[in-house]
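# Provided below are the primary sequence and the corresponding predicted coordinates.
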Amino acid sequence: MPAKGDLGKRVLALDLSGRRIGLAVSDPLGIVAQGLPTLTRVHRAADLATLARLAAEYQVGRIVVGLPLLPSGEEGPEAAAVRRFARELARHTGLPVDLYDERYTTRQAERVLRAGGVKACDRKGLVDRLAAVLILQSYLDARRRGARSSWKSCWRH
């Protein structure tokens, strides 16, 4: 179920990489995820400003950021960087930000695109977008089931 105060608000999901941010947004009821154009990263301040603008434009009430855990489930250096970005994003937008286990979403997205006949040169931004969709749909499904074990933290401004 959506958290109190989230009713009618969309959820924005991010799949962070060094060069791009894959984006997905839910419908207002929090049932279905759909991809948005992938954001090419510029620098942190510009990235945060763009994400805040998108959150306002889509009437987002919560943001989910994919947390890159190691296969063992432990956090490595990439997870620490994502946590820092998520904290800054929460401060910048004033929205709650959840971290959600994103293990294997990029591999799954690549497999789907390959199976769909998408050429390697056309996959770059699409992989990030599809990974964000996979993260968000899994998060929405878990939230409807009431399962909180897959997301690690929540920050509120």
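Looks like it came in fine.

# how close does the residue of the chain most remote from its centre sit to Lys124?
Using C-alpha atoms, centre = their mean, the residue of the chain lying farthest from its centre is Gly117. It sits 24.9 Å away. When distance is defined by C-beta to C-beta, to the nearest Å, Gly117 is 16 Å away from Lys124. C-betas here are computed from N, CA, C, even on glycine.

# ditto for Gly146
Distance from Gly146 to Lys124, by C-beta to C-beta: 36 Å.

# pull the distance from stretch 126-134 to the chain's centre.
9 Å (C-alpha atoms, centre = their mean, to the nearest Å).

# show the average pLDDT along that stretch.
On average, the pLDDT along stretch 126-134 is 85.

# tell me the buried residues in that stretch?
Within stretch 126-134, the residues scored as buried using 16 or more other C-beta atoms under 10 Å are Leu126, Val127, Asp128, Arg129, Leu130, Ala131, Ala132, Val133, Leu134.

# what are the ranges of the helices in this structure?
44-57, 77-93, 105-115, 124-145 (DSSP state H).

# could you list the low-pLDDT ranges of the chain?
Scanning the chain for pLDDT under 70 picks out 1-7, 104-106, 108-110, 112-114, 116, 118-123, 125, 147-157.

# repeat the analysis, applying 90 as the threshold.
1-8, 17-18, 69-77, 101-131, 138, 142-157 (pLDDT under 90).

# more neighbours: which of Gly146 and Lys124?
Applying other C-beta atoms under 10 Å to Gly146 and Lys124 shows that Lys124 carries more neighbours, namely 13 against 7.

# nothing else from me, thank you.
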